[in-house]
Every structure is written in structure tokens, then in C-alpha cells.
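Peer 1: 3D, please:
(chains A and B)
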Amino acid sequence: GAVVSQHPSWVICKSGTSVKIECRSLDFQATTMFWYRQFPKQSLMLMATSNEGSKATYEQGVEKDKFLINHASLTLSTLTVTSAHPEDSSFYICSAPDGLIIGYGYTFGSGTRLTVV
Amino acid sequence: KQEVTQIPAALSVPEGENLVLNCSFTDSAIYNLQWFRQDPGKGLTSLLLIQSSQREQTSGRLNASLDKSSGRSTLYIAASQPGDSATYLCAAQDNYGQNFVFGPGTRLSVLP
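Peer 2: Predicted coordinates for the structure are as follows:
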């Protein structure tokens, strides 16, 4: 089956530093990747949609200069949290349409737990 | 704007019980409705996907129903087991078949 590999699984960083999260489709091409975040006891919320070779589309309220998304190839999308602050601590997860079921199949990464201290 | 809610927020049952998790969505123009399982600190596992034209889907001890007109879906778990303990999320996929709108989840504990 389709697999999206997400790294790191968890990361602790100091306030003010930047953190990069990678999502890689292992056995299919992902022209689109969705990035979600989940604060404790809240729903997963869509942050942005990345498209290979073009600029990402951000949801309302998500700072595009803070959450940099790069989708430079058909198998890799990255989310960089710049100048991280404790309020950015969250669970980040990516998802890509895997094409296994046309229009329906989506594969999720295993998620990244970010803690900013 | 689509909103998805889930009831109950948490549920604790003894092993062997049958149980029902509820999901409601405000916009009936959905592409499909999907149920996921999320284990602590981990990603999502897709359990069942109900296409907008379908009424229910079954997989093993799981059965999910969909009533688009009333904006409701239920997940039925038969003969619950401790290994079923997890957070269950429902998500409505928009009519373009792309974005998922997730509910807050139901945290299930099945006690041995």
C-alpha cells in the first residue's frame, strides 16, 4: 500500500529556532500534500496545501512567513516552522492523495510532535 | 463552512460491549465521510470510508453509516476489545474531494 514517511516523529527545540518537518511519499508521486496541525484536545486543522512546483496555499489565520512550505519534487514536501515559539507546540501531520482509489485514497504520515521550550 | 462534531468526547466501556460513536456535520454537500483511528502521538489509520452515494460500510467488527440529509454518521463497534482503545476521528471530505474537515474525536477506553 501507499506510504508517506514523515520525519522527525518528535522534536524539542528552543524558542527562536527553526524546525523542518519532512513528508516523503515512498511508492507514489504526490503532486499535492496537505499539512495539518492538532493542538491538545482539539481537532486536526488544515494549515496549508502544497503543490509540487508552485506556491503553497495557506488557510486563513496561518502565517505563511512563519510556516514555510516547499514542495520541490513529486515525492517530498517540507514544512519549516521558523522562529518557533511555545505556542507553536503541536502535532503536525501531512497527507497526500495516493491514487489507489481515484478521488478517495489519502495516505497520512505518522505525524510530528513539536515541543518548543 | 463545514463543521464536524463528535459525541461523546470520551467513552469508557468494559470489554465485550457493543458501542456507538456519533459524528455530525453541518454541510451535507460532502464528497465522502471517513472514520479514522488515532493512537497517542501517532498518525491516522483509516478505518472506513463511506462515499456520498453510500449508506454504510462494514469492516470486521466495525460498521459505519451515513445519513447525508441529516448530517450524521455513526460508527458501530461490536464486541469491543482493549486493543480498540484509541481516539476515533470522523472527517468530512469536501465536494472537491480534497480537504478533510475533522471532528474533535472520541477518546475510547476499553477496560479488560
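
Peer 1: Now for residue 47: which residues touch it?
Peer 2: Looking at chain A here, since you left the chain open. A:35-37, A:58-59, A:62, A:67, A:79, A:92 (CB atoms under 8 Å, 6 or more residues apart in numbering or on different chains). Using the backbone N, CA and C atoms, a C-beta is placed for each residue, glycine as well.

Peer 1: I was thinking of chain B, sorry if that wasn't clear
Peer 2: B:34-37, B:59, B:62, B:64, B:75, B:88.

Peer 1: and which of the contacts of residue A:47 is nearest chain B?
Peer 2: Minimum distance to chain B across the contacts of residue A:47 is 7.8 Å, recorded for residue A:36 (CB to the nearest CB).

Peer 1: model confidence over the helix or strand hosting that closest one, on average?
Peer 2: Using DSSP states H and E, residue A:36 sits in strand A:32-38. When pLDDT is averaged over strand A:32-38, the result is 93.

Peer 1: ok, and what's touching that strand?
Peer 2: A:23, A:44-52, A:67, A:69, A:71, A:77, A:79, A:90-97, A:106, B:98-100, B:102.

Peer 1: next SSE after that strand?
Peer 2: Using DSSP H and E, the helix or strand that follows strand A:32-38 in sequence is strand A:45-51.

Peer 1: Name the spans of chain A whose pLDDT lies under the cut-off.
Peer 2: In the predicted model of chain A, residues A:99-104 satisfy pLDDT under 70.

Peer 1: near chain B, which residues of it?
Peer 2: A:6, A:9-10, A:32, A:34, A:36, A:41-46, A:49, A:91, A:93, A:95, A:97, A:101, A:103-104, A:106, A:108-111, A:113 (CB under 8 Å from any CB of the partner chain).

Peer 1: Cheers, nothing more for now.
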